[in-house]
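Chemist: Return atomic coordinates for the entry below.
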Amino acid sequence: MPRPVSNPHPAYRVRRPRQACVNAPPAGASGPIPPLTILCVSKLTDVPKRILIGRALRSDRLGETLLPKRIALPVFASDPLSSVAYAPGEVLLVLSIAGASAYAFSPWIAAAVVVLMFTVVASYRQNVRAYPSGGGDYEVAQTNLGPRAGLGVASALLVDYVLTVAVSISSGVENLGSAIPFVVEHKTLSAIAIIVLLTLMNLRGVKESGRLFAIPTYVFVTGVFALVLWGAFRGLVLGDTMRAPTADLEIQAEQPGLAGFALFFLLLRAFSSGCAALTGVEAISNGVPAFRKPKSRNAAATLALMGGLAVTMFCGIIALALATDVKMAENPAHDLLRDGTPVGSDYTQEPVISQVSAAVFGDGSLPFLLLAAATALVLFLAANTAYNGFPLLGSILAQDRYLPRQLHTRGDRLAFSNGIVLLAAAAAVLVYLYDAEVTRLIQLYIVGVFVSFTLSQTGMVRHWNRLLATETDPAARRRMLRSRAINAFGAFFTGLVLIVVLVTKFTHGAWVALLGMAIFYVTMTSIRRHYDRVAEELAAPDEPGEDSVRPARVHSIVLVSKIHRPTLRAVAYAKLMRSDRLEALSINVDPAETKALTEDWERRGLDVPLKILDSPYREITRPVVEYVKSLRRESPRDVISVIIPEYVVGHWYEQLLHNQSALRLKGRLLFTPGVMVTSVPYQLRSSEAAKQRARKNQEWSAPGSVRRGLVEPGPKRPAGRTGSNGGE
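Modeler: Below you'll find the model as predicted:
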C-alpha cells in the first residue's frame with residue numbers, strides 16, 4: 001500500500017498529468033518550451049545522470065544526510081588536516097632565501113602557528129554555540145557589523161574556497177607525481193580531471209562523499225602520526241641517523257647574511273606562509289546544520305579534535321624536517337647545489353613530507369608508498385572542505401538575494417548542485433591560468449580566510465557586548481565575559497596576522513585575491529540591487545492599479561503559414577475565446593504560396609478575416625512584432641493575444657526541423673508589453689512514441705517537483721527505476 005501523505009495541504013498534493021512532460025512546459029518557466037525539447041533532454045541526460053550521481057532523493061529524506069562526528073571530521077576538516085603536506089614546506093621555502101642557517105627559526109614559526117591555531121579554534125567554538133544556523137562568519141558579521149561587513153566576509157570566503165580547491169588539487173598532483181611521472185608531466189590536465197571527478201563525487205551528496213573521504217583521511221592522519229612517532233623513536237631511542245634525499249645538497253642563498261629588519265620581514269613572510277595550515281577552520285562553523293543533534297556540541301567537539309590533530313602533525317613534520325636535514329628552495333634548479341654545481345632544470349623537488357617519509361621509513365618501502373598514496377589522495381579530498389562550504393554559503397547568500405536564486409536549490413541528491421558546479425568551474429579556470437603551480441597559487445592563499453577570521457571575531461565581541469548589556473545572572477555573565485575575552489584576543493591576533501599577510505604577500509600575488517574579493521563584492525551588490533528593483537516593480541499595490549483594471553478589448557491574432565490541421569485547430573480555439581476582434585495573419589515571403597493560401601482561405605469560406613503582411617527581406621518575426629506594436633499604439637488599453645499553432649513531434653532530430661520560427665517569435669513577443677502568447681499544439685503520430693516512453697517512466701518526478709508541491713510524495717521506489725514525469 002502507498003504511504004499516507006505526511007503533508008495534507010492541498011497544494012502539496014497537486015499532481016501533474018502523466019503526459020505533462022510531452023505537452024506542457026515546466027512550472028515556473030517564463031514562456032512555453034517546445035515539448036519535445038523537454039522530453040528529449042530528459043531522455044538523453046537521465047540515464048548518464050543516474051549512473052554518475054545516483055537516483056534522486058526525496059525532500060523528506062534530508063535528515064538522513066546529517067553527519068556524525070566521525071564523518072564530519074574528514075568532510076569539514078580535511079583541508080586543515082591535509083595542509084601539513086605543504087604548509088611546512090612553504091615555511092622552509094621562504095626561509096631558504098637566507099640560506100640553510102635560517103631553518104633554525106622554523107620551530108619558533110611553528111610555535112606561533114600553533115598559538116594562532118588554538119586561538120582560532122577556541123574562538124570558533126564560541127561561534128558555533130552562538131550561531132548554530134550555519135551562516136558562520138557571514139551571519140556573525142552581517143548580524144553584528146552590518147550588511148557591508150557581511151558581504152566583505154562572504155566575498156573573502158568565496159575566494160578562499162576557490163583557492164582551497166586549486167591549491168589542494170595542485171599539491172596533490174605534485175605529491176602523486178613523485179610516484180607517477182606522467183601525472184607531474186601533465187599536471188594541469190591531471191588537476192582539472194581530478195576536479196571533475198571530485199565534483200561528480202560531491203554531486204552524489206554530502207553523506208556519500210563523506211563516507212568516501214573518511215577512509216583516506218584517517219589513513220593519512222594515522223600514517224603521519226606513525227611517521228612522527230617512528231621518527232622520534234629512531235632518533236631519540238635508537239640513535240639512528242636519518243638523512244633526507246636532499247641532505248647532501250647545499251642551498252645557495254638568494255640574500256645571504258640577512259639581519260635586522262630584513263630578517264624580521266623574512267620571518268614574518270615565512271609565518272604567513274605557515275598560516276596556510278589554518279585554512280578551512282571556518283568550514284565547521286559554516287556547516288553546523290549538517291551535523292547530527294546536538295549540532296553545536298558536535299561541531300565544537302569536531303573543532304577541538306581537528307585543532308589538536310593539525311598542530312601535532314604540523315609540528316612533527318617541521319621537527320623531522322630539521323632532524324633529517326631537508327633542503328628546499330624557491331628556485332631549486334639554480335639555488336640547490338650538488339658538489340658546488342646547480343642541480344639543473346631536470347631536478348624535481350619533492351615535498352617535505354615525501355623527503356621526511358623517505359628518511360624515516362626508507363625510500364620505496366611499503367610504509368613510504370602507503371603514506372605517499374594517502375597524502376596525494378587526502379590532498380585531493382581536502383578540496384572537499386570547499387565543496388561543502390562554498391555551496392552552503394552560496395545558498396545562504398542566494399536566500400538573502402545576493403547571488404542567483406538557483407544556488408539556493410538542492411539537486412537530486414539534496415546537495416546544492418549549482419554551487420558545486422560553479423565552484424568546480426572557477427577552480428578549474430584558476431588551475432589552468434596558474435599551471436597547477438602550488439608555489440604560485442599559495443601566494444594568493446589565506447588572505448581571504450584571515451579577512452573572515454578578523455571580521456567574524458570582531459562581530460562576536462559586539463555580540464557578547466549586546467548580551468552583557470541586558471544579562472543580570474552572575475553565572476551567565478561570567479561565561480559571556482570569558483567568551484568575549486577569547487573572541488577579543490582572536491580578533492586582535494587574526495587582525496595582526498592579516499596585516500602581516502597583506503604586507504608580505506601583496507606583491508607576490510595576494511593582490512589577485514583582493515581583486516577577486518572586490519569582484520565578488522561588486523557582483524553581489526549588483527545582484528541584490530537587481531532583485532530589490534524587481535521586487536519593487538512586482539509588488540502588488542494596496543489600491544487597484546492598471547494591472548488590476550480589465551482590458552478594454554482583446555484583439556486575437558492567429559498566425560497562419562498554410563491551411564492544415566494545426567491551423568484549423570488554432571482558429572477553432574481562437575473562436576472559442578470570443579475575442580472582441582479576431583483575425584488571421586500571414587507573412588508574404590513567397591508570392592506564389594501567399595496567393596495559394598488566399599485562394600484556399602476563400603474557397604473554404606473561413607469566417608475569420610485573413611491579413612497579409614509583405615516582407616521584402618523574407619523575415620517573419622520582425623513584421624509580426626511591428627504589426628503587434630502598431631496595434632498597441634492605436635489602442636493602448638487593448639490586449640493583443642497572439643495564437644501560434646505548433647507541431648508536437650516524437651524524436652529529437654524532428655524537433656530541429658520544426659518550430660524554430662515559433663521559438664524566435666515567442667522570444668521577441670515576451671518583451672512586448674500588453675501581448676499574450678498562446679501555443680496551440682498539434683500532436684503528430686511520432687509523438688505517440690514519446691508519450692509511451694513517458695508513461696513507462698511515469699513513477700519518476702522531476703527534480704524539485706516535491707519541493708515545489710507539484711508532485712505528491714509517494715512510497716519509496718525500487719533502486720534504478722527512473723523516467724520522466726515532469727520534463728523539468
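
Chemist: least trustworthy helix or strand in the chain by mean pLDDT?
Modeler: Least confident helix or strand of the chain, by mean pLDDT, DSSP states H and E, is helix 20-23 with a mean of 39.

Chemist: so residue 363 sits in a strand?
Modeler: No: with DSSP: H, G, I helix; E, B strand; the rest coil as the criterion, residue 363 is coil rather than part of a strand.

Chemist: how about it, phi and psi?
Modeler: Taking degrees, to the nearest 10, you get phi -60, psi 130 for the backbone angles of residue 363.

Chemist: go on, residue 131?
Modeler: Torsion angles at residue 131 (phi, psi; degrees, to the nearest 10) stand at phi -130, psi 80.

Chemist: OK, contacts around it?
Modeler: For residue 131, the contact set (C-beta atoms under 8 Å, 6 or more residues apart in numbering) comprises 139, 140, 143, 285, 288. C-beta here means a position set from N, CA and C on the backbone, and glycine is covered the same way.

Chemist: Surely the second one touches residue 464?
Modeler: No: between residue 140 and residue 464 there is no contact, the gap being 11.4 Å when judged by C-beta atoms under 8 Å.

Chemist: Chain neighbours aside, what residue packs nearest to residue 467?
Modeler: Nearest non-adjacent residue to residue 467, counting by C-beta to C-beta, 6 or more residues apart in numbering: residue 480, 5.7 Å away.

Chemist: So residue 81 sits against residue 312, correct?
Modeler: No: Residue 81 lies out of contact with residue 312 (C-beta under 8 Å); the separation is 10.5 Å.

Chemist: Okay, now the unreliable bits of the stretch 1-150 of the chain?
Modeler: 1-66, 133-135 (pLDDT under 70).

Chemist: show me where it has helices.
Modeler: Along the stretch 1-150 of the chain, the stretches classed as helices by DSSP state H, counting those that start in this stretch are 20-23, 35-53, 69-82, 87-95, 106-130, 136-145, 147-177.

Chemist: Of these, which is nearest residue 299?
Modeler: Closest to residue 299 of those is helix 106-130 (C-beta to C-beta; 4.3 Å).

Chemist: List the buried residues in that closest one.
Modeler: Buried residues in helix 106-130, counted by 16 or more other C-beta atoms under 10 Å: 106, 109-110, 112-114, 116-117, 119-128, 130.

Chemist: same check, this time on stretch 610-628
Modeler: By neighbour count on 16+ other C-beta under 10 Å, the buried set for stretch 610-628 is 610, 612, 613, 615, 620, 621, 623, 624, 625, 627, 628.

Chemist: what does stretch 350-362 give?
Modeler: Residues of stretch 350-362 classed as buried: 350, 351, 352, 353, 354, 355, 356, 357, 358, 359, 360, 361 (neighbour count, 16+ other C-beta under 10 Å).

Chemist: And stretch 485-505, by the same measure?
Modeler: Across stretch 485-505, burial judged by 16+ other C-beta under 10 Å covers 486-488, 490-491, 493-495, 497-498, 500-502, 504-505.

Chemist: ok so, going back, tell me the one of the buried residues of stretch 350-362 nearest residue 435?
Modeler: Nearest member of these to residue 435, counting by C-beta to C-beta, is residue 351, at 17.4 Å.
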